[in-house]
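Participant: predicted structure and sequence below. I'll ask about it afterward.
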Amino acid sequence: MQPQGSCPVNCQRISTKELNHVLPLKSLILKLDIKCDNHARGCEAVVPLQHLGEHAETCDFSPAKCRNRGCRQVLNLRDVETHMRERCEARPAGLCEQGCGLMLTHGERRAGGHGCLRALRAHGAALQARAAGLEKALKKEALRAGKREQSLLSRLAAAQLELQVTALRYQKRFTQYSARLDALARARAASPGKDNQDGSSSEGIFVSKIVDTGPAAKEGGLQIHDRIIENLLNNNGI
């Protein structure tokens, strides 16, 4: 027996592939009731472990940032819209009436203005930063598009080369077949109605199969590849 307190596997590392899945135990664990991850933010929900992820995606107490520019507050998801519309100091409060024409926030209006020169400089810097970001993104997209274009051109060139090779191959075969047909046509034209070189006529019926019970199966009868000419057919009443 192992001494009490010692590691049952002698503290040796094991991989996940060496672990055995105990399905009944896994099912039991997934049914355990677990508090929501946002319990500290006020969520009182207690859900089975297998549904905890689904609940977290729609939990009203999930942390969410205010979307008004300049505000860095993190609130509960259910409070974001009300905060942005009614309480956020960075929410829009109308255009500046001192000449710059920029949007004032409620915090700036409460303070009596925003200092047009400072606001214009900040606005210009923000526009420059945005333009630089857009230019960088445009260059990146152009580089990506250029690579895609080069890849497509390479694939197109390869396809065209393959098509040309295939066309040449079929053209060569067509030329060979045409030459054979021309040779056969010339041969037929040179010897119309004449016998073959072995002295036999090419006309008639050639035997390809003999039935065991047929008249040709008797001794001294026809053989496969024999040729039946017209006179023989007439004499036998065929």
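Facilitator: Great, that's in hand.
Participant: which residues of this structure fall in helices?
Facilitator: For the chain, applying DSSP state H gives helices covering 23-30, 52-58, 80-82, 106-110, 116-190, 230-235.
Participant: can you pull out the low-pLDDT segments for this structure?
Facilitator: Residue ranges of the chain with pLDDT under 70: 1-11, 18-23, 191-238.
Participant: out of the helices of the chain, nearest to C71?
Facilitator: helix 106-110 (9.3 Å; C-beta to C-beta). Just so you know, the C-beta spots here come from the backbone N, C-alpha and C atoms, and that holds for glycine as well.
Participant: export that closest one as PDB, just CAs?
Facilitator: Extracted C-alpha coordinates of helix 106-110, given in PDB (Å, rounded to 0.1, in the frame of the first residue of the first chain):
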ATOM      1  CA  HIS A 106     -23.400  67.600 -20.500                       C
ATOM      2  CA  GLY A 107     -20.300  67.800 -18.300                       C
ATOM      3  CA  GLU A 108     -18.800  70.600 -20.500                       C
ATOM      4  CA  ARG A 109     -22.100  72.600 -20.500                       C
ATOM      5  CA  ARG A 110     -22.400  72.300 -16.800                       C
END
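Participant: need the helices of the chain in JSON lines (columns: distance to A40 and mean neighbour count).
Facilitator: Formatted as JSON lines, those follow (distance: least, C-beta to C-beta, whole Å; neighbours: other C-beta atoms under 10 Å):
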{"stretch": "helix 23-30", "distance to A40": "23", "mean neighbour count": "10"}
{"stretch": "helix 52-58", "distance to A40": "14", "mean neighbour count": "13"}
{"stretch": "helix 80-82", "distance to A40": "18", "mean neighbour count": "15"}
{"stretch": "helix 106-110", "distance to A40": "29", "mean neighbour count": "15"}
{"stretch": "helix 116-190", "distance to A40": "35", "mean neighbour count": "10"}
{"stretch": "helix 230-235", "distance to A40": "108", "mean neighbour count": "11"}
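Participant: can you redo these as CSV with distance to K65?
Facilitator: Listed next are these as CSV, based on distance: least, C-beta to C-beta, whole Å:
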stretch, distance to K65
helix 23-30, 32
helix 52-58, 17
helix 80-82, 8
helix 106-110, 17
helix 116-190, 18
helix 230-235, 103
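Participant: for T16, which of those is the nearest?
Facilitator: Across the helices of the chain, closest to T16 is helix 23-30 (C-beta to C-beta), at 14.0 Å.
Participant: export the closest one to PDB, keeping only CA atoms.
Facilitator: C-alpha atoms of helix 23-30 as PDB (Å, rounded to 0.1, in the frame of the first residue of the first chain):
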ATOM      1  CA  LEU A  23     -19.800   9.700 -18.100                       C
ATOM      2  CA  PRO A  24     -22.200   9.200 -15.100                       C
ATOM      3  CA  LEU A  25     -19.900  11.500 -13.000                       C
ATOM      4  CA  LYS A  26     -19.700  14.100 -15.800                       C
ATOM      5  CA  SER A  27     -23.500  14.100 -16.100                       C
ATOM      6  CA  LEU A  28     -23.900  14.500 -12.400                       C
ATOM      7  CA  ILE A  29     -21.400  17.400 -12.300                       C
ATOM      8  CA  LEU A  30     -23.200  19.200 -15.200                       C
END
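Participant: contacts for that helix?
Facilitator: P48, L49, Q50 (C-beta atoms under 8 Å, 6 or more residues apart in numbering).
Participant: keep only those of those that are in strands.
Facilitator: P48 (DSSP state E).
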